[in-house]
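Novice: Predicted model follows, preceded by the sequence.
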Amino acid sequence: MAKSLDRLKESPSQTAGPYVHIGLTPNFCGIGGVYPSDLGATMVNDKTKGERIGLRIRVLDGPGTPLKDALIEIWQADADGLYNSPAELRGAADPNFFGWGRCPTDMDTGLCAFETIKPGRVPSRDGSLMAPHITLWIVARGINLGLHTRLYFSDEEKANAGDAILARIEHRVRVPTLIAERKGDIYVFDVHLQGEKETVFFDS
Amino acid sequence: MPAKSGSNRRPETGAFFQRDRPWHPPALTPNYKTSVLRSPQKAPLSFDNTLSEIAGPVFGHAMLGELDADLIHNFARPGESALGERIIVYGRVLDERGVGVPGALLEFWQANASGRYRHKKDGYLAPLDPNFGGCGRAISGDDGGYAFRTVKPGSYPWPNGPNDWRPSHIHFSVFGHGFAQRLITQMYFEGDPLIWQCPIVRGIPDKAAVETLIATLDMQSTIPFDARAYKFDIVLRGRRASLFENRLEGN
């Protein structure tokens, strides 16, 4: 037998369950006084550079009912396409933009509202610029492994057409599942967990 | 909040190891009923990480409050403490290469000693503990180490089968250095017979994988006459060295 590589295995995922708010957004579910505010609740301040946008996201199950116990995290570049992260070696990102946000879906409507900025373009591995996009990570009761996908923008048709990741989607009819619809300053995005309009989820 | 790596190590920028998806529970685990209508049915789109997956937010130690890692006291009235078996949970955040992951944000949540969550959706008849909120957080140190104090959560019945009980568990949410390492899992307790009956646990196909989620009683790390200790290491995706890779534009 060949020598072992001595690698460990990633800890297996388990569902976030119905009480994910207790751990990740305690103030949202009425547990006050432990943390001053919920992490990721505010993404922009007065000095943040870039175009202010709102995201209105829902997560729909097989029959089309919005999940009211899901939690969404988003991760994005700043207005110049730079990530606020040590792995960003191309330059310093906007110090007034952390780039990460977290929002539980509303317990009555299932709606998730983020106020953020439109991200700039980030290069793909081959050096071509990807279209502006926001990474989404979705957890909930009944979801065994957090779901990774992206939100692209309907008013970036040209950039979307040249995007290296969108180009990899074999069934072109599914590309629109990743594109949020612009309505004024708001982008509306429905994530479908199943069915004809099932969102393209990522394994990356 | 400018990004800092939280250590003196040069930031790593390699892509993460491919996730071994069959090691994780599949999306559809019919005995855990809620998964049936919430599980994607189409194949995911696979691609090597771009910077969007390689980069990730950094949370500094400055955000932590004094009692964030002490669930016995962080919701309790002054001078009081949560009811239940006092325990310390400690361990290291590692990646698949066996390297410690410093600066990792860990968030935990759990039921109280009776098995009741402080949440309006939890209708279990066991009582709330006025001194127990059920949340805490910590950031791993230079070697990836973390620790917190809490009470051992109780088991509780849940609406799945007619008589399903969750084993005692603590939920963990973990950020590594890249957003692709993002992970939520649950920690179980050594010796709990409910572990092997639980439909959520049994969604994990491999027994060896389940065993990595079971914390070990460590009598050498107890605080005598105060708390017992359980050791729980968490492993995040490893990453490739970037030595022989084409550099991303602008590097």
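Specialist: Arrived safely, thanks for sending.
Novice: For chain B, which segments are assigned as strands?
Specialist: For chain B, the strands identified by DSSP state E occupy B:45-46, B:86-95, B:105-109, B:135-139, B:145-151, B:156-158, B:164-166, B:169-174, B:183-189, B:214-217, B:228-231, B:234-236, in order along the chain.
Novice: Now distance to chain A, mean neighbour count and mean pLDDT too, for these, in JSON lines please.
Specialist: Where you see a C-beta, it was placed from the backbone N, CA and C, and this is true even at glycine. JSON lines is the format used below for the strands of chain B (distance: least, C-beta to the nearest C-beta, whole Å; neighbours: other C-beta atoms under 10 Å in any protein chain shown; pLDDT from 0 to 100):
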{"stretch": "strand B:45-46", "distance to chain A": "4", "mean neighbour count": "16", "mean pLDDT": "98"}
{"stretch": "strand B:86-95", "distance to chain A": "6", "mean neighbour count": "22", "mean pLDDT": "98"}
{"stretch": "strand B:105-109", "distance to chain A": "3", "mean neighbour count": "24", "mean pLDDT": "98"}
{"stretch": "strand B:135-139", "distance to chain A": "5", "mean neighbour count": "24", "mean pLDDT": "98"}
{"stretch": "strand B:145-151", "distance to chain A": "12", "mean neighbour count": "21", "mean pLDDT": "98"}
{"stretch": "strand B:156-158", "distance to chain A": "9", "mean neighbour count": "18", "mean pLDDT": "98"}
{"stretch": "strand B:164-166", "distance to chain A": "9", "mean neighbour count": "19", "mean pLDDT": "98"}
{"stretch": "strand B:169-174", "distance to chain A": "6", "mean neighbour count": "24", "mean pLDDT": "98"}
{"stretch": "strand B:183-189", "distance to chain A": "4", "mean neighbour count": "24", "mean pLDDT": "98"}
{"stretch": "strand B:214-217", "distance to chain A": "11", "mean neighbour count": "16", "mean pLDDT": "98"}
{"stretch": "strand B:228-231", "distance to chain A": "14", "mean neighbour count": "19", "mean pLDDT": "98"}
{"stretch": "strand B:234-236", "distance to chain A": "5", "mean neighbour count": "25", "mean pLDDT": "98"}
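Novice: For A:T116, find the nearest of those strands.
Specialist: Within the strands of chain B, the stretch nearest A:T116 is strand B:105-109; the backing value is 20.2 Å (C-beta to C-beta).
Novice: Direction-wise, compare that closest one with strand B:86-95 and give the angle.
Specialist: What separates the directions of strand B:105-109 and strand B:86-95 is an angle of 140 degrees, with axes from the mean of the first three to the mean of the last three C-alpha atoms, to 10 degrees.
Novice: Could you list the alpha-carbon positions for strand B:105-109 in CSV?
Specialist: Listed in CSV are the C-alpha atoms of strand B:105-109, where the atom choice follows Å, rounded to 0.1, in the frame of the first residue of the first chain:
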residue,chain,number,x,y,z
LEU,B,105,-15.4,32.8,13.8
LEU,B,106,-17.4,30.1,15.6
GLU,B,107,-21.0,30.7,16.6
PHE,B,108,-22.9,28.1,18.7
TRP,B,109,-26.5,27.6,19.7
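Novice: Sheet-wise, list the partners of that strand with their directions.
Specialist: Counting by DSSP bridges, the strands paired with strand B:105-109 are strand B:135-139 (antiparallel), strand B:169-174 (antiparallel).
Novice: Low-confidence ranges, chain B, go.
Specialist: Scanning chain B for pLDDT under 70 picks out the ranges B:1-9, B:243-251.
Novice: so what's the residue nearest to the spatial centre of it up against?
Specialist: The C-alpha lying nearest the average C-alpha coordinate of chain B belongs to B:F172 (C-alpha atoms, centre = their mean; 2.1 Å). With contacts taken as C-beta atoms under 8 Å, 6 or more residues apart in numbering or on different chains, B:F172 has the following neighbours: B:106-108, B:183-187, B:234.
Novice: Which member of those residues is positioned nearest B:M219?
Specialist: B:M187 (18.2 Å).
Novice: Compute the distance between that closest one and A:L60, please.
Specialist: Counting by C-beta to C-beta, to the nearest Å, the separation of B:M187 from A:L60 is 31 Å.
Novice: Same question for A:Y152.
Specialist: When C-beta to C-beta is applied, the distance between A:Y152 and A:L60 equals 18 Å.
Novice: And for A:M107?
Specialist: A:M107 is 16 Å from A:L60, where distance means C-beta to C-beta.
Novice: just the helices in chain B please.
Specialist: Per DSSP state H, chain B carries helices over the ranges B:51-54, B:207-211.
Novice: Could you export the ones you listed to a markdown table, including columns for mean neighbour count and distance to B:T13?
Specialist: As requested, the helices of chain B are exported to a markdown table (neighbours: other C-beta atoms under 10 Å in any protein chain shown; distance: least, C-beta to C-beta, whole Å):
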| stretch | mean neighbour count | distance to B:T13 |
| --- | --- | --- |
| helix B:51-54 | 25 | 6 |
| helix B:207-211 | 14 | 29 |
